[in-house]
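Engineer: What shape does this take:
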Amino acid sequence: MDLRSLRHLVVLARRLSYTKAAEELGLSQSALSRSIQAVEARAKVRLFDRDRGGVHMTSVGRAVADRATVLLREADDLERMLARAARGAEGEISFGMAPLPAAALLPATLAEALAARPQLVTQAAVRSADALLALLLAEKIEFFVCAEGQISQAAPVKAAALGVFPSSLIVRPRHPLLAPDAQGAIADYPLAVSGQLGEHHAPAAQVVGPSQVVLEDYGALARLTQASDAIWLSSTFAVAEEIRDGRLVELPAPPGQAGLAFRMILYSLDRRSLSPAALWLKDQFRTRIRELSELVTPNR
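Structural biologist: Now for the predicted structure:
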């Protein structure tokens, strides 16, 4: 018994008129009659009686119509759920972000997801690139985002570029190197980073001294930079709000180092398709990077 036949049965049970039921269903009366007769023949039981007084339901027909109404409601709900899932608006998605892109992209993207897709459950892991790769290979996350050059080229993954981040030196507003008569060099101050320096930060790191403070927590890094003379090797995209509020500033780049940038990449398993929700998130990340470029780049 298919859903189409059940729908014919339920409408006839509600209208108790072949004429009215056929009109509602967009069928001829003869087609509706054949559909009901086929159901009764398959079930070997009479569901409707028809006489000069009209259409009447049998006791079995009434019970079947009640149950069919519930089944059709569930089928309609399932169809709507599948439609929302196909748009990435429902279901669950697990993904990963390295600390830098997480600070730059996650707050605005998750806020948009909560507003536009409240039935989408998102689980984001913020880890180092190596840890995220392990989660991806174990299929515990669908994709992860990190700077280009942080994972092995031999890894069985495919890469999609999201956009370009500037490489920046971040300091507190009254850092000694910002003074008009500043003495000393960048290398005289400790370097703060979120993890081991990757290829994307290597050129900028050449001008910074050997002293390092390594913290995975971007909130702690921001507070450390505000409270000390440490130079945070990061990106203005990750601290756009702090820069806007005057809590942090970008240190002018040394000669030959201005304009350094690196690509942010979304990695997923090779030969695996991204879900609709993942594709929607990828578009949101790209949109956010463009917004940050417009917000931050004019001040560089």
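Engineer: Show me what the lengthiest helix in the chain packs onto, helices and strands only.
Structural biologist: For the chain, the longest helix by residue count, based on DSSP state H, is helix 59-86. Helices and strands touching helix 59-86, by 3 or more CB pairs under 8 Å, 6 or more residues apart in numbering; DSSP states H and E, are helix 3-15, strand 90-97, helix 276-296. In short, each C-beta sits where N, CA and C put it, glycine included.
Engineer: All the strands of the stretch 201-300 of the chain, in order from the start?
Structural biologist: 212-214, 231-234, 249-250, 261-269 (DSSP state E, counting those that start in this stretch).
Engineer: which of those is buried the deepest?
Structural biologist: strand 231-234 (a mean of 26; mean count of other CB atoms under 10 Å).
Engineer: Quick check: neighbours of that one in the sheet, parallel or antiparallel?
Structural biologist: strand 168-171 (antiparallel), strand 191-193 (parallel) (DSSP bridges).
Engineer: How about stretch 176-189, which residues are buried there?
Structural biologist: Across stretch 176-189, burial judged by 16 or more other CB atoms under 10 Å covers 177, 186, 189.
Engineer: residue ranges with poor pLDDT in the stretch 201-300 of the chain?
Structural biologist: Applying pLDDT under 70 to the stretch 201-300 of the chain flags residues 201-211, 255-258, 296-300.
Engineer: what's the most buried one of the helices and strands packed on helix 59-86?
Structural biologist: Most buried among the helices and strands packed on helix 59-86, given mean count of other CB under 10 Å as the contact rule, is strand 90-97, at a mean of 20.
Engineer: Which neighbouring residues are in contact with V55, exactly?
Structural biologist: Taking CB atoms under 8 Å, 6 or more residues apart in numbering, we find V55 in contact with 12, 16-18, 48-49.
Engineer: you'd agree it is in a strand?
Structural biologist: Yes - membership of V55 in a strand is supported by DSSP: H, G, I helix; E, B strand; the rest coil.
Engineer: any idea how far it lies from V126?
Structural biologist: Distance of V55 to V126, computed by CB to CB, to the nearest Å: 64 Å.
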